[in-house]
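1. my questions concern the predicted model and sequence given below.
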Amino acid sequence: MIRADRRHLVRTLADLAAQQGVGIDQYTRLKPYQAPGFPAPVSSQGARTQLYDGAQVDAYLQGKPVPELPAGEDDGDLLDRRECAAQIGVSPRSWDVYKRDPALQAARVEAGGVEHWPRGVVRAFQESRPGRDASASRGGRPKHTGDQVPRDRLPALTAELLDADPTVSAAAVATQLGIHRDTAQDALTHQRAERIAHHVEADPSLTPVQAAAALGYPPAQTRRATARAATLLRARQAAPYLADVAAALHRAGLTTTEAAEAALDVQLPGDDRVVAALVLDGDQAPVPALVWDERYGWRTATSRRHPITKGAALPSEGGGVRYLAGGVTPPPGDVVAAITP
């Protein structure tokens with residue numbers, strides 16, 4: 001961890017190499033930072049980026065006694081990803097979900113290019129987080145009440161339960177978090193699908209079903225998750241193409257600068273198909289929006305607010321809806337040409 005009020009002293013290996021007047025490649029090849037007596041990193045064990053306290057390094061290089069870092073815990077201490085996870089008793093992967101919380105996003109700082117959070121903020125987040133012990137005594141969501149967990153906290157809490165037990169059921173999640181069983185099932189499916197897709201990306205030789213088995217997920221509980229994982233993988237494969245089309249439309253002046261990135265909205269409807277909407281908000285936009293469906297390609301849409309229609313049925317042509325020729329993935333320039341005079 002970076003002790004309170006010492007963020008300005010943080011140095012990376014690149015900083016140490018520059019201090020010694022050598023290149024980073026030579027520095028990491030010689031590894032002088034592994035010499036006996038060299039100050040230990042202040043980053044957590046196993047961290048990808050090693051960080052050091054500059055005051056300690058300077059003392060060592062000058063042949064002076066290396067000063068001790070402050071002892072104890074201070075709310076101003078800066079914790080990295082692994083340390084934050086340990087502070088609240090979850091896995092680093094669960095922390096990657098928790099850190100999306102607005103309070104944690106606002107408190108995030110970078111030191112040496114690494115994300116950190118003040119210990120006091122992490123503690124406050126932990127105290128405000130709905131606990132499993134409190135919810136377990138309720139036996140699930142009380143009758144005639146809403147879910148007891150805010151929606152933005154649900155992914156992280158579900159991830160924590162899944163970390164502890166890959167076979168956890170929706171009923172168990174509902175009981176421990178005080179939420180409706182359907183809400184728990186949706187959250188579990190989402191978490192499992194994300195992890196299955198990640199596992200397949202790491203080992204493309206696996207099928208989603210094989211990845212689910214490798215993760216310890218019972219087949220009876222994961223049929224929906226494996227199907228959704230396959231859809232996620234297809235969405236990620238389509239993402240670069242869709243981004244290229246969005247960029248081409250922007251260059252043609254059909255989307256505004258502010259909306260260029262936000263205009264692309266990729267969705268995974270309940271029937272497990274990949275659908276994307278591109279809102280055209282430029283002054284000269286000939287149609288309100290474009291919709292891409294992995295089954296048939298591009299069509300125009302009549303609404304900027306709700307360009308994607310519900311259900312698996314394809315919208316009929318007419319009334320502002322027109323299917324663009326060129327197959328499922330026509331070149332971005334052809335998409336622009338198809339809707340401009």
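-> Right, received. Where do you want to start? Every value quoted in this text rests on a predicted model; they were computed, and no experiment measured them.

2. can you list the buried residues in stretch 106-122?
-> Ala107, Ala111, Gly112, Val114, Glu115, His116, Trp117, Pro118, Arg119, Val121, Val122 (16 or more other C-beta atoms under 10 Å). For the C-beta atoms, the positions are set from N, CA and C on the backbone; glycine is no exception.

3. mind checking which of those residues land in strands?
-> Ala111, Val114, Glu115, His116, Trp117, Pro118 (DSSP state E).

4. and these, which is closest to Thr189?
-> Of all these, Glu115 has the smallest distance to Thr189: 28.4 Å, by C-beta to C-beta.

5. can you tell me the closest non-neighbouring residue to Leu162?
-> Gln191 (5.4 Å; C-beta to C-beta, 6 or more residues apart in numbering).

6. tell me the SS of that neighbour?
-> helix (DSSP: H, G, I helix; E, B strand; the rest coil).

7. now do the contacts for it.
-> By C-beta atoms under 8 Å, 6 or more residues apart in numbering, the contact list for Gln191 reads Pro155, Thr158, Ala159, Leu162.

8. and the ones in strands among the buried residues of stretch 106-122, which is closest to Ala225?
-> Nearest to Ala225 among those, with distances taken as C-beta to C-beta, is Glu115, at 28.7 Å.

9. ok, and the closest non-adjacent residue to the closest one?
-> Closest residue to Glu115 apart from its sequence neighbours, by C-beta to C-beta, 6+ apart: Arg108 at 5.7 Å.

10. then Asp75?
-> Spatial nearest neighbour of Asp75, excluding adjacent residues (C-beta to C-beta, 6+ apart): Gly120 at 2.9 Å.

11. pLDDT of the helix ranked longest in the chain, averaged?
-> The longest helix of the chain (DSSP state H) is helix 219-251. Taken as a whole, helix 219-251 has a mean pLDDT of 90.

12. how far does it sit from its chain's centre?
-> Distance, stretch centre to chain centre, for helix 219-251: 15 Å (C-alpha atoms, centre = their mean, to the nearest Å).

13. run through who's touching the helix or strand following it.
-> From helix 219-251 onward toward the C-terminus, using DSSP states H and E, the following helix or strand is strand 264-267. With C-beta under 8 Å, 6+ apart as the contact definition, strand 264-267 has outside contacts at 235, 238-239, 242-243, 246, 274-279, 308.

14. make CSV out of those and add neighbour count and distance to Asp15.
-> Converted to CSV, the contacts of strand 264-267 look like this (neighbours: other C-beta atoms under 10 Å; distance: C-beta to C-beta, whole Å):
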residue, neighbour count, distance to Asp15
Ala235, 19, 40
Ala238, 17, 41
Ala239, 14, 35
Leu242, 19, 39
Ala243, 15, 35
Ala246, 23, 38
Val274, 22, 44
Val275, 19, 47
Ala276, 24, 42
Ala277, 19, 45
Leu278, 22, 43
Val279, 24, 44
Ile308, 17, 49
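
15. please produce CSV containing the residues you listed, extended by distance to Val173.
-> Putting these into CSV (distance: C-beta to C-beta, whole Å) gives the following:
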residue, distance to Val173
Ala235, 25
Ala238, 31
Ala239, 30
Leu242, 33
Ala243, 35
Ala246, 36
Val274, 27
Val275, 28
Ala276, 30
Ala277, 31
Leu278, 36
Val279, 35
Ile308, 29
